[in-house]
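K.L.:
model the following, please.
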Amino acid sequence: MMTPKDLYLKLKQRAKHLLLKGDLEHYLRTLRRMHEIRSTMTGPAV
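P.N.:
Here you go, the predicted structure:
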């Protein structure tokens with residue numbers, strides 16, 4: 001099982017790839033998921 005931080009970092013990498021690819025819809029969806037994970041993590045932001 002992935003920790004929230006690991007999942008966040010994986011999504012961050014995916015978001016960058018989607019942005020470079022030009023897939024704006026999936027890029028924005030990935031950013032929303034990253035935001036949800038950030039808001040549930042305790043402690044300082046990544």
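K.L.:
for the rest of this, base every contact and every neighbour count on C-alpha atoms.
P.N.:
Will do.
K.L.:
residue ranges with poor pLDDT in the protein?
P.N.:
43-46 (pLDDT under 70).
K.L.:
ranges for the helices of it?
P.N.:
Taking DSSP state H to define them, one finds helices in the chain at 4-21, 24-40.
K.L.:
need those helices in TSV (columns: mean neighbour count).
P.N.:
Rendered in TSV, the data for the helices of the chain read as follows (neighbours: other C-alpha atoms under 10 Å):
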stretch	mean neighbour count
helix 4-21	15
helix 24-40	14
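K.L.:
pretty sure residue 26 contacts residue 18?
P.N.:
Yes: using C-alpha atoms under 8 Å, residue 26 makes contact with residue 18 at a distance of 6.9 Å.
K.L.:
how far away is the nearest residue to residue 4 once chain neighbours are set aside from residue 22?
P.N.:
With sequence-adjacent residues excluded and distances taken as C-alpha to C-alpha, 6 or more residues apart in numbering, residue 4 is closest to residue 37, at 6.6 Å. Distance, residue 37 to residue 22, using C-alpha to C-alpha, to the nearest Å: 24 Å.
K.L.:
just checking, residue 11 touches residue 32?
P.N.:
No: applying C-alpha under 8 Å as the test, residue 11 and residue 32 come out as separate, 10.1 Å apart.
K.L.:
pull the contacting residues for the closest residue to residue 30 other than its chain neighbours.
P.N.:
Leaving out its chain neighbours, the residue that sits closest to residue 30 by C-alpha to C-alpha, 6+ apart is residue 15, at 5.9 Å. Residue 15 makes contact with 26-27, 30-31, according to C-alpha atoms under 8 Å, 6 or more residues apart in numbering.
K.L.:
swap in 7 Å and give it another go.
P.N.:
Taking C-alpha atoms under 7 Å, 6 or more residues apart in numbering as the contact definition, residue 15 lies against 27, 30-31.
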